[in-house]
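K.L.:
generate a structure from the sequence data that follows.
(4 chains)
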There are 2 protein chains.
Amino acid sequence: MKSYLKACCTLDLSEREQKKMVIMFNALGNPSRFEVMKYLVIHNGCYTSEIVDHLPQAQATVSQHLKVLDEAGWVDRLYEGTATSICLNEKNISWFKEKTGDIF
Amino acid sequence: MKSYLKACCTLDLSEREQKKMVIMFNALGNPSRFEVMKYLVIHNGCYTSEIVDHLPQAQATVSQHLKVLDEAGWVDRLYEGTATSICLNEKNISWFKEKTGDIF
DNA sequence: TTAAAACATCGTAAAAATACGATTAATGGA
DNA sequence: TCCATTAATCGTATTTTTACGATGTTTTAA
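P.N.:
Numbering: from 1, shown residues only, chains lettered A, B, ... in the order given. Next up, the predicted model:
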């Protein structure tokens, strides 16, 4: 994702925040990752293995998707022994909704 | 964008609606298209040429981006003679915000 | 009718995203 | 210690996205 664009106007959104928003939008603009988020609404804190079972893709692929969601700020990964539990990042989710509401 | 996934649970979101949400997220998950939307918040109803001037890309590229935003439901294109004015699709934008609020 | 203006579309090259099998790393028992 | 479990990472093939120049289309004006 390139990001060489300058903001056209402030709209109460810094350049850094705008980049972050684009990354968050991008992360959910994929059917598998959106489905993970929906699954987490019901199964928040579940282990990665559950999500792997829920999706029709290989473990490596799901792991990659979870990394994208993590780096975008939608989820946190908590390492518990050999397992990893995935939690919604409520703070960032709220931030995203607020900003979306402010701008549009 | 593939969409072979079945919904895990309803969450007041039909499969059709889920697909639409993913497409809307995907459309704004690009710096140029996000910038267009921000520009429209201030210059709603402006002509395509203004947006072309605002972005650092070729006319053909901007036209393609506007098509994506249109097909995702973020904007409407109104053909006025040889020009095209671009308007925010308030209805879909509201829908998106409502659904995002409902789900997360 | 011709020409210019404003956009859309086409064809295509280059870059990025997606998916997978294989491998690696870390942990927790037996 | 050795092995099984869980998940991350690596290397890579395939698909999709992005961007551009060139061309096509529609409308208005001369």
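K.L.:
ends of stretch A:68-88, what's the gap?
P.N.:
Separation of the first and last residues of stretch A:68-88 by C-alpha to C-alpha, to the nearest Å is 13 Å.
K.L.:
which residues of chain A score low on pLDDT?
P.N.:
Residues of chain A meeting the criterion pLDDT under 70: A:1-10.
K.L.:
all strands for it, in order.
P.N.:
Assigned by DSSP state E, the strands in chain A fall at A:75-80, A:83-88.
K.L.:
wait, which of those strands is closest to chain B?
P.N.:
Put simply, out of these the one that sits nearest chain B is strand A:83-88, at 7.4 Å, with distance taken as C-beta to the nearest C-beta. (Each C-beta comes from the backbone N, C-alpha and C, glycine too.)
K.L.:
residues making contact with stretch A:34-46?
P.N.:
A:28, A:50-51, A:54-55, A:62, A:65-66, A:69, A:74-75, A:85-88, B:5, B:7-9, B:11, B:13, B:18, B:21-22, B:25, B:103-104 (C-beta atoms under 8 Å, 6 or more residues apart in numbering or on different chains).
K.L.:
which of the residues you listed count as buried?
P.N.:
A:28, A:51, A:54-55, A:62, A:65-66, A:69, A:74-75, A:85-86, A:88, B:5, B:7-8, B:11, B:13, B:18, B:21-22, B:25, B:103-104 (16 or more other C-beta atoms under 10 Å in any protein chain shown).
K.L.:
filter those down to the ones near DNA strand D?
P.N.:
A:L66 (C-beta under 7 Å from any atom of the strand).
K.L.:
just the ones of the buried ones among the contacts of stretch A:34-46 in helices?
P.N.:
Per DSSP state H, helices hold the following members of the buried ones among the contacts of stretch A:34-46: A:28, A:51, A:54, A:62, A:65-66, A:69, B:18, B:21-22, B:25, B:103.
K.L.:
filter the contacts of stretch A:34-46 to keep only those in contact with DNA strand C.
P.N.:
A:H65.
K.L.:
is it true that A:E17 touches A:T100?
P.N.:
No: counting by C-beta atoms under 8 Å, A:E17 stays clear of A:T100, with 11.6 Å between them.
K.L.:
okay, these two: which has more neighbours?
P.N.:
A:T100 (18 against 14; other C-beta atoms under 10 Å in any protein chain shown).
K.L.:
DNA strand D versus that one, what's the distance?
P.N.:
For A:T100, the distance to DNA strand D (C-beta to the nearest atom of the strand, to the nearest Å) stands at 19 Å.
K.L.:
do the same with A:Q59
P.N.:
Taken as C-beta to the nearest atom of the strand, the span from A:Q59 to DNA strand D is 6 Å.
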